[in-house]
Each structure stands twice: as C-alpha cells, then as structure tokens.
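Asks: Could you look at this predicted model? Sequence included:
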Amino acid sequence: MNGMQTAQQLREKGNALYKSGKLTEAIKSYQDAAHHAGNDDYLPWSNLSAAYFEAGQYEQSAESALRALALCSKNDSNQNEATNLERKLAPRVIRAYLHTHQYAMARLWLKRYGASAAADESLQYQASLDQAEAVREAAPDEKRFRRDLQAKVPRYRPQYDVYHEFYNVGHDEIIDMLDFSMLSDLKKDVSMFFAGIGDARHFYGQLVILNMTSERMAAPSPVKRRYHFSMNDRKAGTFARNLVLFVLLDELAVNKNMPQAQRTELYTVVYFLFLGAIIPRFVVARLDSVIDMVIERLENSDPGTTTAVLPWVQVYAPDRPEILRALKSWKSDGSLTPQFSTARTMELTVMGLGMHRAMMSEHRAPPGCQKEMETFFEVPFLQPPRSMLKEHEPELLKLLDGAASVQKLETYLTANWATNPTLLDEDWHVKAGCDIYTGWDPFDTYQALHQILSLQEKGGPRKTKLFDHVSYFFQSIVVALRRIRGRLTTEFLLGDAADVIDAVRHGLIESRDATAPAAFDMVHLSNVPDYIGGSFFTFTTAAKILKNSQAAKLNTTCLRNTSLWQSQDEFHCEYMAVSDTKMLSRVTDLHLTGKEDDDPLDPMSGYMEWRRSRLVKPVLPYEDLLPRAELTRFLHMHFFKLALPRGRKSSDDNYHAFIHPNLNLTCFFRLLIHLHELGYPAHWLADVLGKILDNQVVTTARPPRSLPLQPRELSHHSNAPAEVCVGPFVGEMSTLTVLFQRILPFTPFSNALPSVDMVHQYSMQLNWLGPPKNNDAAAMVLFFFDLETHYPGDNIRDDLDSSYSSFSSASRSNALKQFREHGSVVITSFTYTGLQNSRTVRFWMREDIMDRICEQNEHWSCAVWRVDDWQRLTTFPEDVSLLVKEKKWVDGKS
C-alpha cells in the first residue's frame, strides 16, 4: 500500500473518531495521515485544523490551517480549490486568533478574507475585533484592571443587613491538617491559608503539630523549613484580637528568664482573653497596655507599607485603619466597653449555656474540673489559678473557699470584673444593636484541644481547674514560637474571602512580599462558603490557590443550614447545578478524599476534605469534558439560577434552613473563566454567552422550580427544547461582558455589546426601603420596568420567566412578551447604602438603555425586590427621574 492510500485510510479513521467525539485519537490519526500524505495533499492538515479548533487548541488549529493553505496553493491548477479552501478555513483562523487574543493576526486575516466573506459575517468579525482592541487599549495593565473590577463591581447582591456578624470564639477540634508526606518532609516549606480565621485555634494547632513533628524527625543539621500562614477574615476585630494574643504569646516565647509569677500571670491573661466572657480587672489592665503598644506600632508605620507588629506578623496598610478602630474601641476608657455591663453579659451567658446544654446529649467535665464546671453553670465565670487569686482576687478566693452563694458571687463579679472587650464589635453590637454572643461552653475546649493536650507528660500537680489543662496548649504554642519564629511568617488579609483569594492568586495586594505564596499546601475554609455561594465558591475560587500537588488539601464544612440537605449530591446540586458526583468531577478539578463524620443521618456534618484530581494541564482531557450539549445546558442552568433564583415561601420562617441566593450575574463570567481553566474550549463558552446576549437561548434548562434544586431538574429529559426569553437581563449581561472582557479567555461575538466608552455608573436615591420580614439579610434585585407595557404584580418572578406555564389570555401573554423583551431591565450587581436619610443604589450600566429610561421617565419606574422570597421592599413606584448619571467606566470622568 502506498503512502497516499495510507494517508487516505488514516484520514477516514480520523473522521470516524472525530464524529464519535474522540478528538485526542482523531488528532493522532490526522497527524499520521499528514506524515504519509503527498507533498501537495492539504486534506490531513485541514482536518487537523478542524480537530484542534474543536478541542480548543487554537494556535495549533491556525498553524494547521496555514499549512493546508500553503500546500493547496502550491499547485497553480488548483486556484479555484485554493480559493474555496481559504473561504472555509479563514473564518476558523480569524476566530482562533481572536480567542487567543492575537488581534494583529486576526486583523490581517480579516483584511485578507473580508472581500470574499458574507457582509454580515465580515461585519461581525470586524465589530468583535474593534471591541476587543478597544477594551485592551482602555485597560493595558491587567493587574490594575483586576483591582478596579474587584473594587467597583460587586460579586454579591446587596443585603438589607449591612453589618456582618461577629463571633470570635470557635468550636472546632484541632487535628492534623497537613498530609503526612508534607509533615515529614522537613526540606519542604509549608504554606497554609485560613479563611474565617476566627480565634486562630487552627493556626495555633498546626504551629504546635509542625513543631513537634520537626522535633521528632529532626536531622543532625538545623531545620531550615519555613512556615507561611495567610489568615483571612472579614472582621477587623478578629485580627485585632489575634494581634493582642500574638503579642502576649510572643512575649512569653522571647523572654525565657521571665519570673514564674509573671509568666503565670501572662498565661492567665491569654487564657481569659481566649475563653472568658467576663474577665478580672488585672486582665483588663494588661489588655490596655498591650493595645497601647499595638496601636503605637500600627500608627507609626509608614503609609503604604506593610506593618510588622511582630517580626513574624504582617499587617497591610489598607487594613490598618479598621484594626485600629477595633483596638481603640476596646480600651477600658473607650466608648464601647461601658455599654456592656458585666451583669448583662453574665445573664446572656446563662441563657446561651442553657440552650447549649439542652442540645448536648452528654456533658462531661475535664478531669478534676467537675466542681469548677458546676459553679460555672450557676455563675458563668472562669476561675484563675490559685496564685493569681491570692495576688489579684483575694476576696474572690475567700468566697470560693467558703462556698459562697450564687448571689454573693454574682455581686462580687458584677462589681469587680468586666465584659471581655475583645468579644465586642462596634458595628455588630452597637450600630446593628445585636446582643453579645457568649453562649459557648469553655469546658468543651478540653475536647477541642484534646489532640494537643493528650501529648503532655503524665503526672505532675493534680489539675482542678480548666486553666490547668488549657494552659498546656498555650505553653505548647510558646515553645513552638520560640523554636520557629525566625522561620515563621503570618499575614492578615482583611476582607471577603473570595476577593482576598483572587487578590492573592493574581498578585493584587500591593506591598505583599514577592516571595509570598500564591498557592498553598492547605486551604482551610471553615464554613465561610455558607455565606458566599456554598460549593460554587469552593470550586470556582478557593480551589484555585491549592498547590498542584497530590498532598495539597482543601477543607470545608457546612454549618448554616445542615438540616436542609439529605445528601452531598443534593448540596452540590443546589450550589453547582450538578446531578451527581461524576458530573461534579467534570466541572471541577477536585475530588472528595475524606470526611470527618460519616453520619448517614447528617450527611453534611463534619469537615470535607478535597484534593486535586489531576496534576497536569489542561486539567481535563477532551474526552473527560462534559459533552458540548451538556455543558451548554449546565451553563444555562447556572445563568437561570443566578438571574431568577427560586424563592422560598413567604410563610417559611425557619431562618436556619434558608438558602441565601446572594450571588449575582458577575459569577456567570467567573464560571466561564473557571471552566476554560479546566480545559473547556473557548468557543463553546463564547457561543453560550453570545446566545444569551442576543436573547436567542434555546434549551431544555429552565429557571429553578425547586428549593433546594433537585437533581431531577437537571435531567435533559425533563423538558423539551424551547426558546427562553432572557431579554430583561441582556442589558446587565452586555454591560458586564464589556467590564469582564479584559480577562475573559475568549472574544465574545455579539451585536448586542455596547462600546466600552458607553458604560457609566448610575445612582438613584430611593424614597423608602422597608425592613425585611424577620429582619433577615434579604438579598436584593433592582428592577426597572415600563408601566405602559405591563404593571408588575406580586408574582414578579413569574412575569420574568417566559418558561413559566400559566393559563394567561392571549392578550396578557403578548403583553408579557413585550414586557420581557422591551419593557424590563433587571440589575443584580449593584450596591445599596441604607443610611437613615439616604437609601441609595449605585450600579454600572450601558448609557443607551438608561438614556431611554430617563427620556421616557413618565411611564418607567423601578423598585427593589428581595430574591429569597420575591417580596417587594421599596415603595411602589420609584421615580426614575431621580437617576443620576455619574462617571464613565473607562476613565472615571462624567
């Protein structure tokens, strides 16, 4: 058999493989065909171009197309064939260059191809290219652009409740978090990221475990391993509290020759600040002096630089003001602490402990602590060590030795002790008016720290107080600090976890050390995902900073609405729109490798451990991707979930089972970027976005009908393909496409896009926005509508959902069609400032749409709805003539 026959057979084999979706094998057959083909046989190269393009390998696709064209044009007698081939391959080459952002090459080919192309096709390519270059020209610095996008375009719907909760005492048990291979390899540096650091118990625990492991396995030469801990929290008070404790622990570590009495006093101060709801006056005095020292170091730092409050603790300049505000509010002569009396704190503690005990099946005191625990549940205070009672609290010592009554103990404590100020937050407890939370049981700490406490040597003085047990934990931290503080770095990263992770990943934190890690051996999320999108955040954002290693782990748990879920699959179905574990693996790069509690009656209990499925790039080979039709449906489902989340019944008052739909449509673009990073072809993603922008969505997916979303809704057999109108969302989607285009991994194709110069910020002051039922968070949506087209009723979600079946009259159906296509504009990404006399919304939008609304303001109106139950929050209607056109996105000018 000659080479040409072999090439033909290999091409035919490749074609069969291509049609069956086995592109990797098809590409290999086409490559073999090209190797055996004659010098003027361009067909294998043309096939290779098509296969590479479909697999998302655009540079190889363009190269193969150019090779095919060069071979075809060799033969002078083949000019017609060469022309036809160019018409076939040129659009593919143009799109390949556009999706890889090679705009100069795309323009060159557009100029070459434009004359022979269909007019509308040529204009579409020209418009897309002009738009892409204008966006790139407007934002040449990608890092600066990412900072602007993060600062100006919110990823969450605004909530009525503008203050975040403040709970500063954790309840997790400390465990080994790092893989043993990581613990035991003393030559490898260790990096860990903690979202929702809280009381820092996991940082302390890993510090102790790492030190003990190094000590056991130490080689003859000194250990040089370095440790980096990135700590994130959205509350500055959390970092202020940890700073105070770090300073005290560091003082104990550095001063080896400190007198024992002074050392015991410092451990007592640490103990009470860490666990106490109320604290003795000598602890308050020491707290004041530490706060003064920390304030001085923070305030005397150069603006714009990183502050080293301790040699191993870094605080970034933008975070300093809020941390300082928290520290100053805790001073004994400040404005915050006098508002929280000792008596009231004890009363709240007793109430909280009562509820805590009612939920616990059994409650055992730590060894030797039964008497103290019984006293605590009558009068909620922790007892200092006897030496401290003698020195600072002799009257309390007499009361305890004399078995004083509850009333006498309460009277003494009310007069002489104080509320622990590090549990207080000016925003949460004063502005939001919430009670201080003190309902935890400090005696549970013995079990939570058991892995560390169990390592102490047996024997020694008999332990009769909780302090005797817990102080060993702090002593272990001090020993660890003493040994490794010269190789230790911790950084405080204040803000939303998703924003912080993006900033770390893309190097957006100014003044951050260039050697600081952007990927970590352990990413510990606690239950932070409960508040910012569940497993959508876990997989599309947090997983991005996990090291490309089989030993790297990500831990997360669900605490907010655990009773709602019947299975892990149901949990991920709601947040990731996947029907099962197999589908989840095809849209993430993680797999579940461990679960802390395997309780079939409580499938969400305990921590879940995730690791990378593959360590190669792209993560998913073509054959492991969702088929294109399934991916398209998956994306449509996510779009509908973000645009029209299913609301709970307005009669549902079970706040602990609420699902908060706080993600907005910016997350659709984050999902597109995530999927491309996994290996999904850019043109698949671009085509889905293009259909949405052009309001040409035909799909079997529908806006959610169940809450939580049920796997049966994700079956492609559940609905027939139908056109679903997305007109109300096109204005925002086209605006967001322009805002995100600088970092999109493809070039959008749509005639619906405005120029980047047309995007402005708008603001509007609302007449009234009523408090939500139950005073819960109430995620919002802003809605502009033409009253002449349709007057929205109570069922606004049904009005916006064209797939919703109802027995409407023909005239009403036509009116709703016009309303969706031309008479409504929905905005999910906006900010809300809910001050007493200024309730203002602010958002980015293309000016042609807003100009039309303003010009026709006599019959356009707007309102704010909540999307968790689709109840209207604003007075109806709001006057759109109050709209204010503000700065441009491009240059910040009006």
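Replies: Noted; the coordinates are in hand. Numbers count the residues shown, from 1 in each chain.

Asks: For the helix or strand of the chain with the lowest mean pLDDT, buried residues please.
Replies: Within the chain, no helix or strand scores below helix 180-184, which has a mean of 82 by mean pLDDT, DSSP states H and E. Along helix 180-184, these residues count as buried under the neighbour rule (16 or more other Cβ atoms under 10 Å): Met182, Leu183. Any C-beta I mention is one placed from the backbone N, CA and C, and that applies to glycine too.

Asks: likewise stretch 118-131?
Replies: Ser122, Gln124, Tyr125, Ser128, Leu129, Gln131.

Asks: pLDDT below threshold where in the stretch 1-150 of the chain?
Replies: Within the stretch 1-150 of the chain, the segments meeting pLDDT under 70 span 1-3, 76-77.

Asks: Near the closest residue to Leu693 other than its chain neighbours, how many other residues are there?
Replies: Closest residue to Leu693 apart from its sequence neighbours, by Cβ to Cβ, 6 or more residues apart in numbering: Ser750 at 3.9 Å. Using other Cβ atoms under 10 Å, Ser750 has 21 neighbouring residues.

Asks: shouldn't Ser750 be in contact with Ser734?
Replies: Yes. Between Ser750 and Ser734 there is a contact at 7.4 Å, judged by Cβ atoms under 8 Å.

Asks: domain assignment for this structure?
Replies: Using automatic domain parsing, the domain ranges for the chain come out as 3-143, 233-485+493-514, 627-894.

Asks: could you redo these as a markdown table and give each row distance to Tyr163?
Replies: Below are the domains of the chain laid out as a markdown table (distance: least, Cβ to Cβ, whole Å):
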| stretch | distance to Tyr163 |
| --- | --- |
| domain 3-143 | 31 |
| domain 233-485+493-514 | 4 |
| domain 627-894 | 10 |
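
Asks: closest to Arg157 out of those domains?
Replies: domain 627-894 (4.1 Å; Cβ to Cβ).

Asks: Now that closest one: average pLDDT?
Replies: Averaged over domain 627-894, pLDDT sits at 90.

Asks: what do you get for stretch 377-388?
Replies: Mean predicted confidence for stretch 377-388 is 96.

Asks: what do you get for stretch 481-496?
Replies: pLDDT averaged over stretch 481-496 gives 96.

Asks: In PDB, list the C-alpha atoms belonging to that stretch.
Replies: Listed in PDB are the C-alpha atoms of stretch 481-496, where the atom choice follows Å, rounded to 0.1, in the frame of the first residue of the first chain:
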ATOM      1  CA  LEU A 481       7.100  30.100  68.600                       C
ATOM      2  CA  ARG A 482      10.400  30.100  70.400                       C
ATOM      3  CA  ARG A 483      11.800  27.500  68.000                       C
ATOM      4  CA  ILE A 484      10.500  28.600  64.700                       C
ATOM      5  CA  ARG A 485       9.600  32.300  64.900                       C
ATOM      6  CA  GLY A 486      12.600  33.200  62.900                       C
ATOM      7  CA  ARG A 487      11.300  31.000  60.100                       C
ATOM      8  CA  LEU A 488       7.600  32.000  60.500                       C
ATOM      9  CA  THR A 489       5.500  34.500  58.500                       C
ATOM     10  CA  THR A 490       1.900  35.200  59.100                       C
ATOM     11  CA  GLU A 491      -0.100  37.800  57.200                       C
ATOM     12  CA  PHE A 492      -3.500  39.200  57.900                       C
ATOM     13  CA  LEU A 493      -5.800  39.600  54.800                       C
ATOM     14  CA  LEU A 494      -8.900  41.500  55.700                       C
ATOM     15  CA  GLY A 495     -12.000  41.300  53.500                       C
ATOM     16  CA  ASP A 496     -14.300  38.900  51.700                       C
END
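
Asks: Just after the least confident helix or strand of the chain, pick out the following helix or strand.
Replies: Going down the chain from helix 180-184, the next helix or strand is strand 190-195, by DSSP states H and E.

Asks: could you pull out the strands for the stretch 351-500 of the chain?
Replies: In the stretch 351-500 of the chain, the strands defined using DSSP state E, counting those that start in this stretch lie at 417-419, 488-494.

Asks: Rebuild those as CSV, extending it with mean neighbour count and distance to Ala106.
Replies: Shown next, in CSV, are these (neighbours: other Cβ atoms under 10 Å; distance: least, Cβ to Cβ, whole Å):
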stretch, mean neighbour count, distance to Ala106
strand 417-419, 23, 66
strand 488-494, 22, 39
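
Asks: Of the ones you listed, which is nearest Pro318?
Replies: Pro318 lies closest to strand 488-494 among the strands of the stretch 351-500 of the chain, at 7.7 Å (Cβ to Cβ).

Asks: what's the angle from that closest one to strand 190-195?
Replies: Per axes from the mean of the first three to the mean of the last three Cα atoms, to 10 degrees, the angle that strand 488-494 makes with strand 190-195 is 20 degrees.

Asks: For strand 488-494, which helices and strands make contact with it?
Replies: If you count contacts as 3 or more Cβ pairs under 8 Å, 6 or more residues apart in numbering; DSSP states H and E, strand 488-494 packs onto strand 227-233, helix 236-254, strand 313-315, helix 320-329, helix 497-506.

Asks: out of the ones you listed, nearest to Ser289?
Replies: Across the helices and strands packed on strand 488-494, closest to Ser289 is helix 236-254 (Cβ to Cβ), at 10.1 Å.

Asks: just how off-centre is whichever helix or strand comes after the closest one within its chain?
Replies: Using DSSP H and E, the helix or strand that follows helix 236-254 in sequence is helix 260-275. Chain-centre distance of helix 260-275: 37 Å, with Cα atoms, centre = their mean, to the nearest Å.

Asks: Could you do stretch 818-838 as well?
Replies: Centre to centre, stretch against its chain (Cα atoms, centre = their mean), the figure for stretch 818-838 is 24 Å.

Asks: List the buried residues in it.
Replies: Buried residues in stretch 818-838 (16+ other Cβ under 10 Å): 818-821, 823-830, 832, 834.
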